[in-house]
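# test case, fold it:
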Amino acid sequence: MSADPSRGTSGPLAERGLERRWWTLIAVCGATFMLLVDVTVVQVALPTIQRHLGGSFTDLQWVIDAYALTLAAFTLTCGSLADRFGRKTVFVGGIGVFTLASLLCGVANSAGVLIAARALQGFGGAAMFATGLALIGQEFQGVERGKAIAAWGATVGMAVALGPLVGGGLTDTLGWRWIFFVNAPVGVATIAMASSRMVNIGDPDAKRLDWAGLITFSGSLFLLMLGLMRGNDEGWSSTLIVSLLLGSALLMGAFVISELRHPRPMFDLSLFSNRAFCGVSFATFAIGVGMFAMYPYLTLYLQNDLGYSALAGGLYLLPSTVPCFFVPLATRSIVERLPPAVALSAGLGIAAAGLALMHGLTVSSSWTALVAGLLFTGVGIGIANPAIARIGLGVVAPERTGMASGISNTCRIGGLATGVAALGAIFQHHLTTSLTSHLGRPSGELAKVLASGGTRAVERSAPTQQGVLAASHQAFVSGINGILAIGAIVVLLGALVGLALVRARDFHRRPAPEPAETLEAARA
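The predicted model follows:
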């Protein structure tokens, strides 16, 4: 790896190095903010997008999952590309792809074009995601690195907190297309900053890319998503759905075999020989499936059933998203004194309790019925996120933290993609059975209208059929209750597995700090 001439010197060269490091941090934080905001702003705008572009309930799911799927599938591969061609090169290229894809999203004239552009966005996001922390790590050392990572973490929290509000505000004022167009100036400014201020450092020992791992892993995820989303329409025992799910399982098996045999795998399975790493990976996947995948459906409930605007829907989600930013800062000194397993399971347990508190909605409920549960989920996520990072990086040797971080991000985003598809399948199936039970006739087509457009779409399609509208309200609310219960169970299971598997003795023992480092840390 190439050396940095500004380190270990003083004078103008060192000053330029210091200035470069902080510009690097600004560029990484700006790109990370853009990357993560684009997840939550789209969730808030989904009902409006559906009304303008049309499309089925499955199309709505793909607007989220096309992005999450490519993000999860390519993050580790982009890390390998960064080793070969340099982190700056991959980072800048990722921003360029993300910015171009954002413009394509904004001009999309159909759901299919939007989904394709979202998949391209995910590829650009993977390049940014894979290199962001690595760029910070190459520029900052010691106490400064801790401060830089803290600033990056605060950016993540701020993106999650502001995303629904920004998405709702843009959708209600300038239109939903502007949730994508605003990425263009941010992307161009970040590319200019990164191109002029960053240095390009790679790994001279990097070997060939793990193409077999990339193809089998992404293929397995794609077939799984497609099977889950098409299951209700095609029939879960149909040849197509059984073939898709079986193909997904076979490709995942081929992925495991390829990773075990590859000299430099993108997904180092030997890390899973550590019980604590298994525990934190499962917990991360569980919170993605049960909690983060729940936000699109809460948005559909607020806008498509209760009838709130996109801006109001974003505001009403703030009790959950704002604590993601403030809780880690407020509880840091307390949480760091707790055993890691306790902090992890406590965070997930509180989030599970929040999901359980939101369960029990009725047709007469308003958004206030969600407030207590949203607060609990926000606090739980705020505690769990730092614990996940602490454990995921603490149980591996320092030279393997990049791979560990990549696997953690893949578990989180993969959980989101799986959760959106699985919860959507359960939700749509519940709508069909509930409507059929209340109306006394097969109601599959009506369930599709209800799932994609909510009770307002049903009212437009059958304005004089009061019985149909009442049954639709009941079905929608009970469907949301059903997936809230499932989400609570999944997240609670993650908490229990994390508590059982994460042990202090599995943490990697790092060498004691040098006296100079200890003194520097004390002064900070």
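# use CA for all of it now, contacts and neighbours both
Noted.
# just give me how far whichever strand or helix holds residue 438 sits from the chain centre.
Here residue 438 sits within helix 401-439, counting by DSSP states H and E. The chain centre lies 12 Å from the centre of helix 401-439; the measure is CA atoms, centre = their mean, to the nearest Å.
# what helices or strands is it leaning on?
helix 57-85, helix 211-234, helix 275-290, helix 371-394, helix 444-461, helix 466-501 (3 or more CA pairs under 8 Å, 6 or more residues apart in numbering; DSSP states H and E).
# residues touching residue 52, list them.
Contacts for residue 52 were tallied using CA atoms under 8 Å, 6 or more residues apart in numbering; there are none.
# and if you look at residue 249?
By CA under 8 Å, 6+ apart, residue 249 lies in contact with residue 220.
# any idea where the helices of the stretch 201-350 of the chain begin and end?
211-234, 239-261, 275-290, 295-300, 310-316, 318-321, 323-335, 340-358 (DSSP state H, counting those that start in this stretch).
# now the first one: buried residues?
Judged by neighbour count (16 or more other CA atoms under 10 Å), helix 211-234 contains these buried residues: 212-214, 216-233.
# now that helix and helix 444-461, what's the angle there?
70 degrees (axes from the mean of the first three to the mean of the last three CA atoms, to 10 degrees).
# for helix 211-234, name the packing helices and strands.
helix 57-85, helix 239-261, helix 401-439.
# now that helix: mean pLDDT?
The average of the pLDDT scores along helix 211-234 is 82.
# make 249 the starting number, not 1.
In the new numbering, first residue 249, that becomes helix 459-482.
# kindly export it (C-alpha atoms) in PDB.
C-alpha atoms of helix 459-482 as PDB (Å, rounded to 0.1, in the frame of the first residue of the first chain):
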ATOM      1  CA  TRP A 459     -16.700 -13.400  -9.700                       C
ATOM      2  CA  ALA A 460     -18.200 -16.800  -8.600                       C
ATOM      3  CA  GLY A 461     -19.100 -15.400  -5.200                       C
ATOM      4  CA  LEU A 462     -20.700 -12.200  -6.700                       C
ATOM      5  CA  ILE A 463     -22.800 -14.100  -9.200                       C
ATOM      6  CA  THR A 464     -24.000 -16.800  -6.800                       C
ATOM      7  CA  PHE A 465     -24.700 -14.400  -3.900                       C
ATOM      8  CA  SER A 466     -26.600 -11.800  -6.000                       C
ATOM      9  CA  GLY A 467     -28.400 -14.500  -7.900                       C
ATOM     10  CA  SER A 468     -29.600 -16.200  -4.800                       C
ATOM     11  CA  LEU A 469     -30.900 -12.900  -3.300                       C
ATOM     12  CA  PHE A 470     -32.600 -12.000  -6.500                       C
ATOM     13  CA  LEU A 471     -34.400 -15.400  -6.800                       C
ATOM     14  CA  LEU A 472     -35.500 -15.200  -3.200                       C
ATOM     15  CA  MET A 473     -36.900 -11.700  -3.500                       C
ATOM     16  CA  LEU A 474     -38.700 -12.600  -6.700                       C
ATOM     17  CA  GLY A 475     -40.200 -15.800  -5.200                       C
ATOM     18  CA  LEU A 476     -41.400 -14.000  -2.100                       C
ATOM     19  CA  MET A 477     -43.000 -11.100  -4.100                       C
ATOM     20  CA  ARG A 478     -44.700 -13.300  -6.700                       C
ATOM     21  CA  GLY A 479     -45.800 -16.100  -4.300                       C
ATOM     22  CA  ASN A 480     -49.300 -14.700  -3.600                       C
ATOM     23  CA  ASP A 481     -50.100 -14.100  -7.300                       C
ATOM     24  CA  GLU A 482     -48.600 -17.400  -8.600                       C
END
